[in-house]
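J.: Based on what follows, work out the 3D shape:
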Amino acid sequence: MPDIADPRAFLERLFYAAVAAADLDKALAAHLPEKPRGRTVVVGAGKGAAQMARAFERLWDAPLSGVVVTRYGYAVPCERIEVLEAAHPVPDESGLRASDRLMAAVSGLNEDDLVVALICGGGSALLPAPAGDLTLADEIAVNRALLASGAPIGAMNAVRKQVSRIKGGRLAALAHPARVVSLVVSDIPGDNPALVASGPTIPDQTTRANALAIIEHYGLDLPDAVMRHLEDGTDEPPLPSDPRFAGNEIKLVASAAIALDAAADVARKAGVETIVLSDAIEGEASEVGRQHAAIVAKILQRGLASQERLLLLSGGETTVTIKGKGKGGRNSEFLLSFACAISGQKGISALAADTDGIDGSEDNAGAFADGTTVSRLAAREKDAAEFLERNDSWSAFAAIDDLFVTGPTGTNVNDFRAILLDPLD
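T.: Residues are numbered from 1 along each chain as shown. This next block holds a predicted model:
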């Protein structure tokens, strides 16, 4: 049996292997489009957009210009592509100006020109552009309601693109007749590229009727102006059949599946049997935490891990229905729920983190947990269940120094969850 003296260091190594699998230089190099006869204009949005822009600059040995927008604090220096910053996860005025800049960058092009769209997770919030008579305040209200609803990312983005002048393929439509090639780093369960960043250059089939059904299902309280806009039914985003998209291309350059496979490869080379449960898990974070604990319990009950270490990996994007006023994100909430369910059990170590380096509202990527998490909180006169009830997972893990802090990683291929079962621990 391989020696893993420090389970947390091992789990951390797996996280960085997953992130490295989304290395942008390698990923983009394999998907570069043909050079055009005319101009090359680069646009982009997302928490890893600046890193994508820098990598693309290094790889593109021809003239180009462009502009991308990323989250505050995530910018990196680029030579030919301008990098803007805006607020995430709730839009702000800087994002509004960035949307205008991107739309201006693709306007007035011709059929000899090429638009390269660098799209990754987080782009929805970074590209506010209220449609019709709506205001930025209206779009902010929509975003806040969606973030608190517990709706999956696909449902959230179906609503977002119906109240926008740039999402749902509208940016690509504006670029017509130029050819648009979208290079996408997916943070979406199932890797539908039209859902990443609400698809500014990639249309899909969702309609106003779909958005209204989602609003009703999740009981969203949206401004009257938003509801009037949705019920009006005019000026919907273009459908994939629109002829303006006929010559465009979509290339998935990195995803959760690729990242998890890389982590699994590292673990197996270390002699640890590994199971990838899924790369597309969705649902309420706390419930998914309990489900993972139930899987662990069944494995231990059947004695499958009695002879050797076993690693469970999963990805996807869970959600949190906000009921309290605590601090944290979906990964730390998942992990606190998992910790409550495995409390007192030996030989279980876990890491849950967002591959972009930021989990929710604070500066941590995620956290570590094991069978002693709850008891260590109790020793400090703190109740893990109470932290979970008020959505305050960050405070719980901060209290016992179990936060996992990486800083911005420059990529985003969704959640990373790793659970190590060690019969010798």
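
J.: So residue 185 versus residue 268, what's the distance?
T.: 25 Å (C-beta to C-beta, to the nearest Å). (Glycine included, C-beta is placed from N, CA and C.)

J.: neighbour-wise, which of those two wins?
T.: Between residue 185 and residue 268, counted using other C-beta atoms under 10 Å, residue 185 has the larger neighbour count: 31 against 12.

J.: what about that one, distance to residue 254?
T.: 5 Å.

J.: okay, and the common contacts of those two?
T.: The contact sets of residue 185 and residue 254 overlap at 22, 24, 27, 411, 413 (C-beta atoms under 8 Å, 6 or more residues apart in numbering).

J.: Touching stretch 169-182 from outside, list them.
T.: Applying C-beta under 8 Å, 6+ apart, the contact partners of stretch 169-182 are 33, 36, 38, 41, 43, 102-103, 106-107, 109-117, 119, 164, 193-194, 199-204, 237-238, 240, 242, 244-245, 247-251.

J.: Likewise for stretch 236-254?
T.: 21-22, 24, 27-28, 30-31, 33, 161-162, 164, 167-170, 172-173, 176-177, 179-186, 191, 193, 201-205, 207-208, 411, 413.

J.: what distance separates the start and the end of that stretch?
T.: Using C-alpha to C-alpha, to the nearest Å, one end of stretch 236-254 lies 30 Å from the other.

J.: buried set for it?
T.: Of the residues in stretch 236-254, 236, 237, 238, 244, 245, 248, 250, 252, 253, 254 count as buried by neighbour count, 16 or more other C-beta atoms under 10 Å.

J.: chain center to stretch 45-62, what's the gap?
T.: Its chain's average C-alpha position is 18 Å from that of stretch 45-62, according to C-alpha atoms, centre = their mean, to the nearest Å.

J.: And the average pLDDT for it is what?
T.: The average pLDDT for stretch 45-62 rounds to 95.

J.: Restricted to helices, list the buried residues of stretch 236-254.
T.: Among these, DSSP state H puts none in helices.

J.: Now for those residues: which two are most distant?
T.: 236 and 254 (30.6 Å; C-beta to C-beta).

J.: ok so, going back, now, of the contacts of stretch 236-254, which are buried?
T.: Judged by 16+ other C-beta under 10 Å, buried ones among the contacts of stretch 236-254: 21-22, 24, 27-28, 33, 161-162, 164, 167-170, 172-173, 176, 179-186, 191, 193, 201-204, 208, 411, 413.

J.: So which of those are in strands?
T.: 179, 180, 181, 182, 183, 184, 185 (DSSP state E).

J.: Rebuild the residues you listed as a markdown table, extending it with distance to residue 312 and pLDDT.
T.: Shown next, in a markdown table, are these (distance: C-beta to C-beta, whole Å; pLDDT from 0 to 100):
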| residue | distance to residue 312 | pLDDT |
| --- | --- | --- |
| 179 | 43 | 98 |
| 180 | 40 | 98 |
| 181 | 37 | 98 |
| 182 | 33 | 98 |
| 183 | 31 | 97 |
| 184 | 28 | 95 |
| 185 | 25 | 92 |
